[in-house]
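A.B. asks: Test case, fold it:
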Amino acid sequence: MKHTRFILAGLIATAIVIGTVIWIRSTPSHPPASSADSQAATTSAGTVVISPAQMALSGIAVQALPVTRFQPQTSAYASVLDPGPLLQLRGQLRSAQLQTDAARAQAAASEREYQRLTVLNGQDHTVSDKVTETARATRDADRAHLEAAQASLLAARDTARSRWGDVLTGWALATRSPQLDALNSGQQALLSVALPQGGATGSPLPTIHISLPGSVGEITAHLLSPSPLADPVTQSPTYFYQAPRGGLRTGMRLDALLPTGQSVDGVVIPNSAVIWYANRPWVYVQSTDTQFVRREIAVDTPAPGGWFVAQWRGGERVVVKGAALLFSQEFQPKPQPGAPSSGGDDDD
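C.D. replies: All right, here's what the predicted structure looks like:
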């Protein structure tokens, strides 16, 4: 029995030592000041108190958010298209066009030859009827070849328009196309943007902004033309846009930000500042040097690198790094008054 008590006492002592080490590592390595400076605690629901020293040790960072004028935006889906099929189509259309041109030239030559021989045959039979008939047969065959080439070219154009629309098909048909050359060289990227059905944007915007994953920057894209195809996921109408290649890669599925409504004043809350609790978004706002208040925000307006929140006072300091640490501290179990001591039994 005594041996068992020794074991229990040893376990309790070990737990106390481990807890002490953890506490020492989380507090400054200088003599403690007051209890308010040396210990973090929740003073009320949604409020956390933590000393500046512990903030520094924990890597908690705050940032004063300035008021900015923001253009409300709505999101749309954008896809980076592979320009390979369009470049191949360019070769096919050019080949069909050249075959048509050659057939037209051959048909014109055989027509002239047939007319010349017909005149000679009708004047003094310098040319025999057989030669004239052979020339007519050649002319008729060249006419048929021309019609076949024209039909092939027309079918290729119609197929191209059904996939790429008039503007991009015109690029492919042109003898020289700087736009396709820019796609082929990787200077520009081709995007398909699906606008929301019945959205506030109405007609396609001439300029939109593309948000890159993991980046706070944006890429500006310019409207080219409507696309004949609907988005396979949303079934929304799509439009072709062109943007600098930059970090865009073929196959990327991105967010396109479309301006809607009038500009409003507010602040941009960084993504790193937002925590989720009970399916609602929150941030910690520093109210004093040591006090942080958890505040709910709205995340219905995306902005570059975060969320735009209207009707927010400028200059308020928001935790942009370490919000999860404050959240865990807020909900850390607190010692209850009158709790029994953890000391061991007397050794009787």
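A.B. asks: Run through the residues that contact the residue nearest to residue 66 when sequence neighbours are not counted.
C.D. replies: Using Cβ to Cβ, 6 or more residues apart in numbering and skipping the chain neighbours, the partner closest in space to residue 66 is residue 314 (5.4 Å). Glycine gets a C-beta too; all of them are placed from N, C-alpha and C. Shown in contact with residue 314 (Cβ atoms under 8 Å, 6 or more residues apart in numbering): 65, 66, 67, 267.
A.B. asks: is it true that residue 284 touches residue 318?
C.D. replies: Yes. The pair residue 284 / residue 318 is scored as a contact, 7.0 Å apart, by Cβ atoms under 8 Å.
A.B. asks: For the two, list the residues in contact with both.
C.D. replies: residue 273.
A.B. asks: Who has more neighbours out of the two?
C.D. replies: Each of residue 284 and residue 318 has its neighbours counted (other Cβ atoms under 10 Å); residue 284 has more, 28 against 24.
A.B. asks: quick check, that one in a strand?
C.D. replies: Yes. Assigned with DSSP: H, G, I helix; E, B strand; the rest coil, residue 284 falls within a strand.
A.B. asks: picking up where we left off before, would you mind stating the distance between the residue nearest to residue 66 and residue 289?
C.D. replies: Distance, residue 314 to residue 289, by Cβ to Cβ, to the nearest Å: 20 Å.
A.B. asks: can the contacts of residue 314 go into a markdown table with extra columns for distance to residue 259, secondary structure and neighbour count?
C.D. replies: Output for these, formatted as a markdown table (distance: Cβ to Cβ, whole Å; DSSP: H, G, I helix; E, B strand; the rest coil; neighbours: other Cβ atoms under 10 Å):
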| residue | distance to residue 259 | secondary structure | neighbour count |
| --- | --- | --- | --- |
| 65 | 22 | coil | 24 |
| 66 | 21 | coil | 10 |
| 67 | 19 | coil | 13 |
| 267 | 18 | strand | 25 |
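A.B. asks: and of the residues you listed, the nearest to residue 308?
C.D. replies: residue 267 (7.5 Å; Cβ to Cβ).
A.B. asks: any idea which residue of the protein is furthest from its center?
C.D. replies: residue 124 (79.7 Å; Cα atoms, centre = their mean).
A.B. asks: what sits against it?
C.D. replies: Neighbours of residue 124 in contact, by Cβ under 8 Å, 6+ apart: none.
A.B. asks: Need the per-residue pLDDT for it.
C.D. replies: With respect to pLDDT, residue 124 has a value of 77.
A.B. asks: swap in residue 71?
C.D. replies: pLDDT, residue 71: 77.
A.B. asks: ditto for residue 340
C.D. replies: 57.
A.B. asks: go on, residue 269?
C.D. replies: Looking at residue 269, its pLDDT reads 93.
A.B. asks: ok so, going back, okay, among the contacts of residue 314, which ones form the most distant pair?
C.D. replies: Farthest pair in these, by Cβ to Cβ: 65 and 67, 7.9 Å.
A.B. asks: Mutual contacts of those two, please.
C.D. replies: By Cβ under 8 Å, 6+ apart, the residues touching both residue 65 and residue 67 are 267, 312, 314, 315.
A.B. asks: would the last one count as being in a strand?
C.D. replies: Pointing back at residue 315 there. No. Under three-state DSSP, residue 315 falls outside any strand and is assigned coil.
A.B. asks: That one touches residue 65, doesn't it?
C.D. replies: Yes. Using Cβ under 8 Å, residue 315 and residue 65 qualify as a contacting pair, with a distance of 7.4 Å.
A.B. asks: Could you name the helices and strands sitting against the biggest helix by length in the chain?
C.D. replies: What stands out as the longest helix in the chain, according to DSSP state H, is helix 129-173. If you count contacts as 3 or more Cβ pairs under 8 Å, 6 or more residues apart in numbering; DSSP states H and E, helix 129-173 packs onto helix 84-124, helix 178-185, strand 218-230, strand 237-244.
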